[in-house]
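Student: Next one to model:
(one chain, ligands or ions: 3)
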Amino acid sequence: MDDAGQNVTTPSNGVTLTVRHVAAVEITPNGSATQPGQTVIGRPGQDGVLTYLIRNPSNGNDIYTLDTQAQPGVTSALVTYWADDGDGRFDPDKDSPVSTVSLQPDEERVLFATYPVPSGAQSGATFVFGPRATSGVDQAVTDRDNFGQISTQAVLSLTFSASQNGTSTSPGSVTYTHELHNTGNAPLTAQALALTDSGGAWSYAYQIGDAGAASTLQDALALWNGTLASGQRLPIRVTVTAPTGLAGGVQDTLQLGASIVTPSSETVDNQTPAPLTLTDVTMILKGVPSSAKTVQSCGQDATCAAPVSITDGLVQPNEYLLYTITGSNGGNGGLRRPILKDTLPQHLKGVTFRGVASLNAGQLLYSLDGQSWTLQVPSIQDAEGVTVYLGWDSNSDGVVTSEDVLPAGEGLTLTLITAVK
Ligand SMILES: [Ca+2]
Ligand SMILES: [Ca+2]
Ligand SMILES: [Ca+2]
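Tutor: Ligands and ions are numbered 1, 2, ... in the order given. Purely as a prediction, here's the structure:
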């Protein structure tokens, strides 16, 4: 107002002020290489996901370029950044892979960093890295201390093999070896395992690794204090003892189960929570001897080239007779010390004898006393009251003992030519 109380306007000079854009960027959570700002669990063979917030705290628009700071063990080129679509959750179908983020003043955005955890990564293996953002307005402006950590999930997994079929004499025993294979990425101890046996009426003994034997698989597990590392195999031996007096073909069946009892959690994936089962079947093998004897007439032919049946049961002096004694194993197991023998009756005298076997792996031996054996047929020409022996020497050591076996289904034939006195 002037002295007269009138309003007076004094025009001023027009001034235009431009506020300078001071670039800035902020990524959180912060973290150092030694103290990562976040730790997430990553599954082997899948992407681990770190979650960040990127903000433009400056007074102007900016486009930030992303790159990676990584600790050894991380291949920076495999890190992918994703701009969230707004729901705050990572979804590779909805969120977009980015290498830059454009933000207005005070705008912020969720940013994901993914890294493929190798399929062979061991439980607890860590991958430490983080994004660095550089301002497009002022490349001296960065935010770099944003390390996070992906820790590999423990995958607990087993295979159990294999079911077995075996044989035993009665009494006798047989041992089966099974195998637990740690196919996960974490070591397994007895505490993580459940091993069971069921069925099995005969006597069983179990041994895990090189631990002591026990009468149940569970007890055998308790005796094992080793560690089954990832990729390793652990033998489980089962010895079954068959009682005495069982018939050939009798069977006993045992079931074995193996599972992992460690519960699944965010850090543990138990892929073998239900028992893997195996079945062992043991069958009794027993040789069953049978023999038969026939006689035919050879007339006056001492070589018995064409023997004929004796229909009337009558023979004459000086007539040649052919006795055929067959022995066979009608059981399902081997017959030990396989010997056929025959003794000349009083009214006959010896000519010769020989043998035939139904199998080749071994040799026939001959004897007149059942003790000393020869490959050549001993002479029985004109012998009276003699006993002839035909033996199967399966191990070809020149004698017939309990180590020699005539397999099931095989047989020996002894032919004996005699003359009527
Ligand atoms: Ca930061
Ligand atoms: Ca999303
Ligand atoms: Ca022998």
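Student: Give the residue spans of the stretch 1-150 of the chain that score low on pLDDT.
Tutor: 1-15 (pLDDT under 70).
Student: And the strands in it, which stretches?
Tutor: Assigned by DSSP state E, counting those that start in this stretch, the strands in the stretch 1-150 of the chain fall at 26-28, 39-42, 47-55, 62-70, 80-83, 96-98, 100-103, 108-116, 126-135, 142-143, 148-152.
Student: any chance of these in TSV, plus distance to ligand 2 and mean neighbour count?
Tutor: Bear in mind the C-beta positions are built from the backbone N, C-alpha and C, glycine included. Below are the strands of the stretch 1-150 of the chain laid out as TSV (distance: least, C-beta to the ion, whole Å; neighbours: other C-beta atoms under 10 Å):
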stretch	distance to ligand 2	mean neighbour count
strand 26-28	18	18
strand 39-42	16	18
strand 47-55	10	21
strand 62-70	17	19
strand 80-83	8	20
strand 96-98	9	12
strand 100-103	14	18
strand 108-116	7	20
strand 126-135	17	23
strand 142-143	22	19
strand 148-152	18	23
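Student: Spit out the contact partners of Q271.
Tutor: 155-157, 184, 260 (C-beta atoms under 8 Å, 6 or more residues apart in numbering).
Student: Report the separation between it and Q153.
Tutor: Distance, Q271 to Q153, using C-beta to C-beta, to the nearest Å: 11 Å.
Student: And the strands of the stretch 1-150 of the chain: which comes nearest R336?
Tutor: strand 148-152 (59.0 Å; C-beta to C-beta).
Student: what residues does the stretch 51-200 of the chain put near ligand 1?
Tutor: 143, 146 (C-beta under 5 Å from the ion).
Student: Quick one: neighbours of Q376, just the number.
Tutor: The number of residues packed near Q376 is 7, by other C-beta atoms under 10 Å.
Student: again with T387
Tutor: 14.
Student: How about it: what's its closest non-neighbour residue?
Tutor: T343 (4.3 Å; C-beta to C-beta, 6 or more residues apart in numbering).
Student: residues touching the one you found, list them.
Tutor: 385-388.
Student: Tell me the secondary structure at Q218.
Tutor: helix (DSSP: H, G, I helix; E, B strand; the rest coil).
Student: pretty sure it is in contact with L195, am I right?
Tutor: Yes. Using C-beta atoms under 8 Å, Q218 is in contact with L195, at 6.2 Å.
Student: re the thing from before, dump the strands of the stretch 1-150 of the chain to a markdown table, plus distance to T324.
Tutor: Compiled in a markdown table, those are given as follows (distance: least, C-beta to C-beta, whole Å):
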| stretch | distance to T324 |
| --- | --- |
| strand 26-28 | 100 |
| strand 39-42 | 80 |
| strand 47-55 | 82 |
| strand 62-70 | 89 |
| strand 80-83 | 88 |
| strand 96-98 | 90 |
| strand 100-103 | 101 |
| strand 108-116 | 80 |
| strand 126-135 | 83 |
| strand 142-143 | 103 |
| strand 148-152 | 77 |
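Student: what sits against I310?
Tutor: Counted by C-beta under 8 Å, 6+ apart, I310 has contacts 295-297, 321.
Student: all strands of the stretch 301-421 of the chain, in order?
Tutor: 308-309, 320-329, 335-336, 339-343, 348-357, 363-367, 387-393, 405-406, 411-420.
Student: Pick out the shakiest of these, pLDDT-wise.
Tutor: Ranked on mean pLDDT, the bottom entry among the strands of the stretch 301-421 of the chain is strand 335-336, at a mean of 89.
Student: anything in that one near ligand 3?
Tutor: No. On the criterion C-beta under 5 Å from the ion, strand 335-336 is out of touch with ligand 3, staying 10.6 Å away.
Student: Can you name every helix or strand that that strand contacts?
Tutor: strand 405-406 (3 or more C-beta pairs under 8 Å, 6 or more residues apart in numbering; DSSP states H and E).
Student: does ligand 3 sit close to the strand it packs on?
Tutor: No. Taking C-beta under 5 Å from the ion as the criterion, strand 405-406 and ligand 3 are apart, separated by no less than 9.5 Å.
Student: Same question for stretch 370-385.
Tutor: No. Using C-beta under 5 Å from the ion, no contact is recorded between stretch 370-385 and ligand 3, whose separation bottoms out at 8.4 Å.
Student: Next, the distance between the ends of that stretch.
Tutor: 15 Å (C-alpha to C-alpha, to the nearest Å).
Student: if you skip the residues just before and after it, what's nearest to the residue of the stretch 251-400 of the chain found nearest ligand 1?
Tutor: Closest to ligand 1 within the stretch 251-400 of the chain is E266: 25.7 Å, counting by C-beta to the ion. Among residues not flanking E266 along the chain, I41 sits closest, at 5.6 Å (C-beta to C-beta, 6+ apart).
Student: Over to G362?
Tutor: Per C-beta to C-beta, 6+ apart, closest to G362 is S394, 4.0 Å.
Student: show me what contacts the one you found?
Tutor: 338, 361-362, 403-406.
Student: do the same with L276
Tutor: Applying C-beta under 8 Å, 6+ apart, the residues near L276 are 158-160, 257-259.
Student: pLDDT score for it?
Tutor: 98.
Student: tell me the phi and psi of Q35?
Tutor: phi -130, psi 80 (degrees, to the nearest 10).
Student: and the nearest residue to it once chain neighbours are set aside, how many neighbours?
Tutor: Nearest residue to Q35, sequence neighbours excluded (C-beta to C-beta, 6+ apart): F147, at 7.9 Å. Each residue near F147 was counted by other C-beta under 10 Å, and the total is 23.
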